[in-house]
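Chemist: sequence below, structure please.
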Amino acid sequence: MNYLRVLPFLAVLAVILFSGLRPEPVPQVFDQQDKLHHMLGFAALMFSLRLAFPQWSVFWAVAASLAAATLIEVGQSLLPNRQASLGDMLANTLGVLLGWGCAYVAHQWYLRRIGVTTDPEPSELPERLGDTARP
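Modeler: Modelled structure (predicted):
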């Protein structure tokens, strides 16, 4: 296993944990800015998780990301100036799905870039039954 792939994942996880479990929320410039932070943060977490652990199935990667999201929301509910929110959890979930989609597209691009294709081989054009009966 290439341990350098794990470093971006650990960095993103550390940033999410630090910002998600701060005693005071991050100041907002515009309304619902925190939802954008949640979505982009968990998209980065899922993308870096797929890079760090490509052998994991999609189910386990999504489950681990959503478990982290849930635990952070529970942790926020235990802090005096923070509160858990279903809107935040929805943004976390959308971020996980966005990160998985970006990782999938990047993986497909990489496979085509190195010449490995997942497309089925084009078969010969099928002959029509009427054409084979003619002399």
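
Chemist: helices of the chain, residue ranges please.
Modeler: 6-20, 33-52, 58-78, 86-113, 129-133 (DSSP state H).

Chemist: OK, contacts around the residue positioned nearest the centre of the chain?
Modeler: With distances taken as CA atoms, centre = their mean, Gly99 lies nearest the centre of the chain, 2.5 Å away. Going by CB atoms under 8 Å, 6 or more residues apart in numbering, Gly99 touches Phe42, Ala43, Ala44, Leu45, Met46, Phe47, Leu49, Arg50, Ser65. C-beta: built from backbone N, CA, C; applies to glycine.

Chemist: which one (most neighbours) among those?
Modeler: Met46 (30 neighbours; other CB atoms under 10 Å).

Chemist: measure the nearest residue to that residue once chain neighbours are set aside to Gly20 for me?
Modeler: Among residues not flanking Met46 along the chain, Gly99 sits closest, at 2.8 Å (CB to CB, 6 or more residues apart in numbering). Look at Gly99 and Gly20: by CB to CB, to the nearest Å, they are 16 Å apart.

Chemist: check Trp100 too.
Modeler: 20 Å.

Chemist: over to Leu10?
Modeler: From Leu10 to Gly20 the distance is 15 Å (CB to CB).

Chemist: which of those two has more neighbours?
Modeler: Gly20 (23 against 11).

Chemist: show me what contacts that one?
Modeler: Contacts of Gly20 (CB under 8 Å, 6+ apart): Gly41, Ile72, Gly75, Gln76.

Chemist: in this structure the first one contacts Phe18, no?
Modeler: No: Gly41 sits out of contact with Phe18 when judged by CB atoms under 8 Å, with a separation of 10.8 Å.

Chemist: looking at the two, which is more packed in?
Modeler: Counted by other CB under 10 Å, Gly41 and Phe18 do not tie: Gly41 has more neighbours, with 22 against 9.

Chemist: quick one: the more buried one and Ala61, what's the gap?
Modeler: Counting by CB to CB - Gly41 and Ala61 are separated by 16 Å.

Chemist: can you give me phi and psi for Gly53?
Modeler: I think there's a mix-up here, since residue 53 is Phe and not Gly. Dihedral angles of Phe53 (phi, psi; degrees, to the nearest 10) stand at phi -130, psi 70.
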